[in-house]
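Chemist: Sequence unavailable; structure follows:
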């Protein structure tokens, strides 16, 4: 008669016995059960329940026709793990109707489903599911997690390998998915209020430093040495102007002092404050107007002019302000 190990009750065939694949498979099932996570249990009682199931599976031996079995007991038969569904008090020949074939994973999943408190499984690899349905099933009270997917996952921006961050916001009642195509490095965002449909995948721009372009003065304006005179526009459409100019005489009101390319021109006229210094003593308010054709015009009210005047200005207007 075969011997068994102490802890996992692994069957050890005798030296004179022939190799039996069912014995090997049965032992592998028990090892798998012993190494599996504890079903997500987070309470002491949950751990006890899960350990009880693991020990019961580990103790499962080959079916004994003369043995007694209670509902929920385990045995191995034909190289598979089985769970008793009908009590067998006095022993009987193998009757498949009294047993259900199962697996260690299925039994642990059943134990986990019965737990009142569960730990979320963080990370993992998804395939052959809808990413949106997966997120909805997790729900707004689920712990934030990160998963990877492949081309079999649906409802992503397009078929690819993805890294997906799942976030839930119980207080606001909404979900968020942030998916990154790891092959090209682009990222999309999809959000859902619990009572509303998904927003759809919205691309997230990758922040890049805006390219700065030199200002070319017009109509008697010159650039102040050492001052920053540039314009730039970032990927969000925000335009910045840095102006430091001087004039040998007072320019007429409404003088165009430089111009922007049409691609930088605003959809509607923009006005920003500036400052004029007359010989570094008298200070006057001024305005820079950026017209829809890109012309940057100086408006001022200089009344006490003596010698050179300096103009200083900074302008910044946001997304949608430029064409």
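Modeler: Yep, that arrived. What you see is a predicted model; the values in this text were computed from it and never measured.
Chemist: show me the contacts for the closest residue to residue 142 other than its chain neighbours.
Modeler: With C-beta to C-beta, 6 or more residues apart in numbering as the criterion, residue 142 has its nearest non-adjacent residue at 5.1 Å, and that residue is residue 168. C-betas here are computed from N, CA, C, even on glycine. With contacts defined as C-beta atoms under 8 Å, 6 or more residues apart in numbering, the neighbours of residue 168 are 138, 139, 140, 141, 142, 143, 144, 174, 175, 176.
Chemist: Ok, residue 284 next?
Modeler: Shown here is residue 284, whose contacts under the criterion C-beta under 8 Å, 6+ apart are 275, 276, 277, 278, 300, 301, 302, 303.
Chemist: okay if I get these as TSV plus neighbour count and secondary structure?
Modeler: What follows is the contacts of residue 284, written out as TSV (neighbours: other C-beta atoms under 10 Å; DSSP: H, G, I helix; E, B strand; the rest coil):
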residue	neighbour count	secondary structure
275	14	strand
276	24	strand
277	15	strand
278	18	strand
300	21	strand
301	10	coil
302	16	coil
303	9	coil
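Chemist: pLDDT for those residues - can I get that in CSV?
Modeler: Written out in CSV, the entries for the contacts of residue 284 read as follows (pLDDT from 0 to 100):
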residue, pLDDT
275, 76
276, 78
277, 75
278, 71
300, 81
301, 78
302, 74
303, 67
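Chemist: Farthest pair within those residues?
Modeler: Within the contacts of residue 284, 275 and 303 form the most distant pair, 15.2 Å apart (C-beta to C-beta).
Chemist: tell me which residues in stretch 167-175 are buried?
Modeler: When burial is assessed from 16 or more other C-beta atoms under 10 Å, stretch 167-175 yields the following buried residues: 167, 168, 174, 175.
Chemist: excluding its backbone neighbours, what's nearest residue 181?
Modeler: Spatial nearest neighbour of residue 181, excluding adjacent residues (C-beta to C-beta, 6+ apart): residue 160 at 4.9 Å.
Chemist: Hmm, I typed the wrong one, I wanted residue 200.
Modeler: Taking C-beta to C-beta, 6+ apart, and ignoring the residues beside it in sequence, residue 200 has residue 190 as its nearest neighbour in space, at 6.6 Å.
Chemist: And the next helix or strand past the helix or strand containing the one you found?
Modeler: Residue 190 is part of strand 186-193, with elements assigned from DSSP states H and E. Following the chain from strand 186-193 toward its C-terminal end, the next helix or strand by DSSP H and E is strand 202-204.
Chemist: contacting residues around the next helix or strand after that next one?
Modeler: Moving toward the C-terminus from strand 202-204, the first helix or strand encountered (DSSP H and E) is strand 212-214. Among residues not part of strand 212-214, those counted as contacts by C-beta under 8 Å, 6+ apart are 229, 230, 231, 232, 261.
Chemist: Tell me how far the spatially closest residue to residue 20 that is not a sequence neighbour lies from residue 228.
Modeler: Spatial nearest neighbour of residue 20, chain neighbours left out: residue 13 (6.8 Å); criterion: C-beta to C-beta, 6+ apart. Relative to residue 228, residue 13 is positioned 84 Å away (criterion: C-beta to C-beta, to the nearest Å).
Chemist: just residue 211 next, same as before
Modeler: Residue 211 sits at a distance of 14 Å from residue 228 (criterion: C-beta to C-beta).
Chemist: Have a look at the two and say which one is more surrounded.
Modeler: residue 228 (13 against 9; other C-beta atoms under 10 Å).
Chemist: measure the more buried one to residue 93 for me?
Modeler: Counting by C-beta to C-beta - residue 228 and residue 93 are separated by 93 Å.
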